[in-house]
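Peer 1: Output the structure for:
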Amino acid sequence: MKITTVRHFRDKATEMFRSKDPILVLRRGEIAGIYFPYPVQTLPVEMKREMFITLTASIAKRFKQVGMTEEEILEDFESFRRGRRQNRRRR
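Peer 2: Below you'll find the predicted structure:
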């Protein structure tokens, strides 16, 4: 697995997308994203489970930091989608 910064990933994205190795993208030392090239061999179930647990814990922590519930975020997303639909109809 390669490790890179967001800036380096952005600047060298086309090169990195050709890589056969997964790429861990960091922003200020924290995980910003993970890129898995396609086609990729199936990841071990344990690795998938660990990634899921880590990502969901990170999302839950951010929800708590901003003081929003999952329902509020879903409603915000739905209102955004409704707004986009209305804008498309106006064109």
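
Peer 1: Helix, strand, or coil at the residue sitting nearest the centre point of the chain?
Peer 2: What sits nearest the mean C-alpha location of the chain, by Cα atoms, centre = their mean, is Gly33, with 5.2 Å. Recorded secondary structure, Gly33: strand (DSSP: H, G, I helix; E, B strand; the rest coil).

Peer 1: Tell me how the protein divides into domains.
Peer 2: 1-40, 42-91 (automatic domain parsing).

Peer 1: Please identify the deepest-packed of those.
Peer 2: Among those, domain 1-40 has the highest mean neighbour count (mean count of other Cβ atoms under 10 Å), at a mean of 12. C-beta: built from backbone N, CA, C; applies to glycine.

Peer 1: could you dump the domains of the chain to JSON lines with mean pLDDT?
Peer 2: Below are the domains of the chain laid out as JSON lines (pLDDT from 0 to 100):
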{"stretch": "domain 1-40", "mean pLDDT": "87"}
{"stretch": "domain 42-91", "mean pLDDT": "85"}
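
Peer 1: Could you measure from Ala60 over to Lys20?
Peer 2: According to Cβ to Cβ, to the nearest Å, Ala60 stands 33 Å off from Lys20.

Peer 1: no no, Ser79
Peer 2: According to Cβ to Cβ, Ser79 and Lys20 sit 41 Å apart.
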